[in-house]
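Undergrad: I'd like to go over a predicted model; first the sequence, then the structure.
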Amino acid sequence: MPSVPIHSDFFARSVHKVAPDLIGARLLFHGVGGIIVEVEAYHHTDPAAHSFRGPTPRNAAMFGPPGFAYVYRSYGLHWCLNFVCEREGSAAAVLIRAIEPTEGIAAMRRRRGVADLRLLCSGPGRLCQALGITGAQNAAPLNRPPFALGRRDATPDIAIGVRIGITRAVEQPWRYGLRGSRYLSKPFP
DNA sequence: ATGAAGATGAAT
DNA sequence: TTCATCTTCATC
């Protein structure tokens, strides 16, 4: 169902351009997924970014070329999915924080152990569990299976806000969401 | 070698 | 608000 596929060039731009452009796009993994409704932008100049203090084994994918996944383990038990952006070495990425489930809902419910649509993918850890994404997908290319990304057809109403769970970084409007969506991890002000 | 913090989520 | 759960990275 991904209409027009998203290719690597899409990600070879400023992370602050890519992030809002991802709202409304379709993300599938093995045919399971939905519409991206919430993301956050991270740049290596940002103290909250994993890449801020230079390359490490964990963040290596962030320093690689755009159009690849950066998956990391959070709090020892959750996986979080990012899309690497900008030129190789720029170490910028967009954290995918929430999607609206549209495909493979039965599989998502099985993996998550809950039925409520709103609890399936409303959060970075939740959506990885629902789609079956793990560290095995770190550094995987986004432009070919099992990933499938589709462009949005119309520009949605995008809400802008500060990021979730970030206390040390400068307060900047680097969180983007589909305004009014019921599938956000947290509401926008 | 050691420890503190962490881009979270679920339960209380 | 608490806690589960454990990797990562900085520091000693």
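TA: Thanks, I have it. Residues are numbered from 1 along each chain as shown, chains lettered A, B, ... in the order given.

Undergrad: Give me the phi and psi for A:Cys85.
TA: A:Cys85 adopts backbone torsions of phi -130, psi 170, taken as degrees, to the nearest 10.

Undergrad: residue contacts, the closest residue in space to it that isn't next to it in sequence?
TA: The shortest distance from A:Cys85 to any non-neighbouring residue, by Cβ to Cβ, 6 or more residues apart in numbering, is to A:Val15 (4.3 Å). Just so you know, the C-beta spots here come from the backbone N, C-alpha and C atoms, and that holds for glycine as well. A:Val15 makes contact with A:Ala41, A:Tyr42, A:His43, A:Cys85, A:Glu86, A:Ala92, A:Ala93, A:Val94, according to Cβ atoms under 8 Å, 6 or more residues apart in numbering.

Undergrad: how much space between A:Val15 and A:Asp46?
TA: Separation of A:Val15 from A:Asp46 (Cβ to Cβ, to the nearest Å) stands at 9 Å.

Undergrad: again, but for A:Leu184
TA: From A:Leu184 to A:Asp46 the distance is 22 Å (Cβ to Cβ).

Undergrad: what's near enough to touch the closest residue to A:Ser8 other than its chain neighbours?
TA: Excluding its sequence neighbours, the residue lying closest to A:Ser8 (Cβ to Cβ, 6+ apart) is A:Gly67, at 3.6 Å. By Cβ under 8 Å, 6+ apart, the contact list for A:Gly67 reads A:His7, A:Ser8, A:Phe10, A:Phe11, A:Ala12, A:Phe83, A:Val84, A:Pro141, A:Leu142, A:Asn143.

Undergrad: My guess is the fourth one contacts A:Phe83. True?
TA: When you say that, I think you mean A:Phe11. Yes - between A:Phe11 and A:Phe83 there is a contact under Cβ atoms under 8 Å: 6.1 Å.

Undergrad: so how many other residues sit close to the residue nearest to A:Ala12 when sequence neighbours are not counted?
TA: With sequence-adjacent residues excluded and distances taken as Cβ to Cβ, 6+ apart, A:Ala12 is closest to A:Pro66, at 4.7 Å. A:Pro66 has 22 neighbours, counted by other Cβ atoms under 10 Å.

Undergrad: Would you point out which residue is most central in chain A?
TA: A:Ile96 (1.7 Å; Cα atoms, centre = their mean).

Undergrad: Show the pLDDT at that residue.
TA: Note for A:Ile96: predicted pLDDT of 98.

Undergrad: That one: which element?
TA: strand A:92-103 (DSSP states H and E).

Undergrad: Fine, thanks again, bye for now.
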